[in-house]
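**Q** Quick one: sequence and predicted model below, then my questions.
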Amino acid sequence: SGLSTGCTDYSCFTIIPNVVITTASGTIGAMVTVNGTGYRAVERVRVDFGTMKPISTVWTNNVGSFESIFAVDTQGYGTTTIIGTGLGAGSPMRVATCVFGIRPQTFISPLSGTVGQMVTVSGNGWGYIEGVKVDFGMTSSIVTAMTNDRGTFATTFSIDAQPAGMTTITVSGINSKQVFVNSFLITSKIAEYSPTMGTVGTMVNLIGNGYLSNETIEITFGWTKSIAFAQTNNLGVFTAGFTIDVQPCGNRTIAATGALSNNISRAAFNIIPNITMVSPLSGTVGTTVSIAGNGYDVSEFIEITFGTNNEIPIVESTNDGRFTADFIVDSQPMGQTIINALGLNSNRCATNSFTITPLISVTPNTGTVGQTIMVWGTGYPSGEVINIDLGITDTITPNTSTGNNGSFITSFVVNTQVYGTTTVNAVSI
């Protein structure tokens, strides 16, 4: 309008729809705000996001503006189109677009562990149907995977032997060329050891990993420092062996400490009791037997039994779990007889054996023809039939039976034989 002439002319300006976003890119799950203008007043607008149609539906206000807030759903990597379409009647159709960049994201669990442990790697927002390569520290392509038609994948791998400390996990998309890098902490452990239980004197072999390359490992066992040393290789792996020394029974800790890394790994070894000595190993009734043992609790009372004899005096172990004891072989049947040593605190028992051999005696041991001689014997089988032979006479006394304890007593009359020493035999039949 001319202010002096008062002349007026007219022209047209067309307002078209427009949509804008507050964030240009993000990962799956990120919140996106879409603001639209230039639509009809109070009309319904459908908002499409890539393959998600619609991701939301909103109403404009009385000046044709709207706001839509949604979370990025699972779709593949790259530029994704956001479309705002007015659904009210009339033409032209009101459509506006903008783009949003989906970035990949990757999840690793756990973020630390020992050699041999399983690690899960998963991700979303990667390319559609693309290969994904996972590198772990010095190991290239420790595992590969393929994404699905939504750009997600999941895979696992076992931590291989590598030195201790922080290393990297790198995930690479073959087609998208996207790369994800994260840190992973390799920790030490005693991976294998054998056996896991045994007596004092047992040889234990162990393998450890997750230490620094070429570092010295100190092995301690229970209260014994530096029972062995080992050296790791360039992958942080070591092997070592040691002999169980005298310590009380129960679980004792094996510890492997790196001299440079100061990493410590532990394992338990169960010491069990043992009767280490029986002397002599065989003998007749009346023999004094000495035994020794170890692997018992500290200063605990130990109950010794020998076959049917449970009246042997109780002994006490030392501070390192050792004991000694003596007993006399009582009348029991011949053969291998079990020695038990039971710790009354630990309730742990060790066994060994002593072999009882037969023994006979005659009273008197000199005499004349016609004299009655008594024969006593022990250490024979229970309920056994015994025949007595005298010199040149077989079975001078037949069919004598032993009792439950393997003993017998019988007599015979000396028959006519020549002067001198004559053998008396008690023969089990």
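**A** Received the coordinates, thanks.

**Q** Tell me if I'm right that Thr402 and Tyr380 touch.
**A** Yes - counting by C-beta atoms under 8 Å, Thr402 does reach Tyr380; the two are 4.8 Å apart. All C-beta spots, glycine's among them, are computed from the backbone N, C-alpha and C.

**Q** if I pick Val115, what's in contact with it?
**A** Counting by C-beta atoms under 8 Å, 6 or more residues apart in numbering, Val115 makes contact with 159-162, 186, 189, 191, 209-210, 237.

**Q** returning to that earlier point: any residues in contact with both of Thr402 and Tyr380?
**A** 333, 386, 408.

**Q** which non-adjacent residue is nearest the last one?
**A** If I follow you right, that is Phe408. Thr402 (4.6 Å; C-beta to C-beta, 6 or more residues apart in numbering).

**Q** and the one you found, how many neighbours does it have?
**A** By the criterion of other C-beta atoms under 10 Å, Thr402 has 25 neighbours.

**Q** quick one: it from Leu359, how far?
**A** Per C-beta to C-beta, to the nearest Å, Thr402 is found 12 Å from Leu359.

**Q** just curious, which of the shared contacts of Thr402 and Tyr380 is nearest to Thr57?
**A** Nearest to Thr57, judged by C-beta to C-beta, of the shared contacts of Thr402 and Tyr380 is Pro333 at 97.7 Å.

**Q** OK, contacts around the closest residue to the closest one other than its chain neighbours?
**A** Of all residues not flanking Pro333 in the chain, Gly406 sits nearest, at 3.4 Å (C-beta to C-beta, 6+ apart). Counting by C-beta under 8 Å, 6+ apart, Gly406 touches 331-334, 356, 378-382, 384.

**Q** With only the CA atoms kept, save stretch 40-54 in CSV.
**A** The C-alpha coordinates for stretch 40-54 follow below in CSV (Å, rounded to 0.1, in the frame of the first residue of the first chain):
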residue,chain,number,x,y,z
ARG,A,40,-2.8,-27.0,8.9
ALA,A,41,-4.1,-26.0,12.2
VAL,A,42,-5.2,-28.9,14.4
GLU,A,43,-4.5,-31.7,11.9
ARG,A,44,-3.1,-35.1,12.6
VAL,A,45,0.5,-35.6,11.4
ARG,A,46,2.1,-39.0,10.9
VAL,A,47,5.8,-39.2,11.6
ASP,A,48,7.8,-42.0,9.9
PHE,A,49,11.3,-42.9,10.9
GLY,A,50,13.2,-45.0,8.3
THR,A,51,11.5,-48.5,8.3
MET,A,52,9.3,-47.6,11.3
LYS,A,53,6.0,-46.3,9.7
PRO,A,54,4.7,-44.6,11.7
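
**Q** contacts for that stretch?
**A** Contact partners of stretch 40-54, identified using C-beta under 8 Å, 6+ apart, comprise 32, 34, 36, 39, 55-64, 66, 68, 70, 72-73, 75, 80-88, 90, 94, 100, 102.

**Q** sorry, back to before: which of the contacts of Val115 are buried?
**A** Buried subset of those (neighbour count, 16 or more other C-beta atoms under 10 Å): 159, 161-162, 186, 189, 191, 209-210, 237.

**Q** Among these, name the ones in strands.
**A** 186, 189, 191, 209 (DSSP state E).
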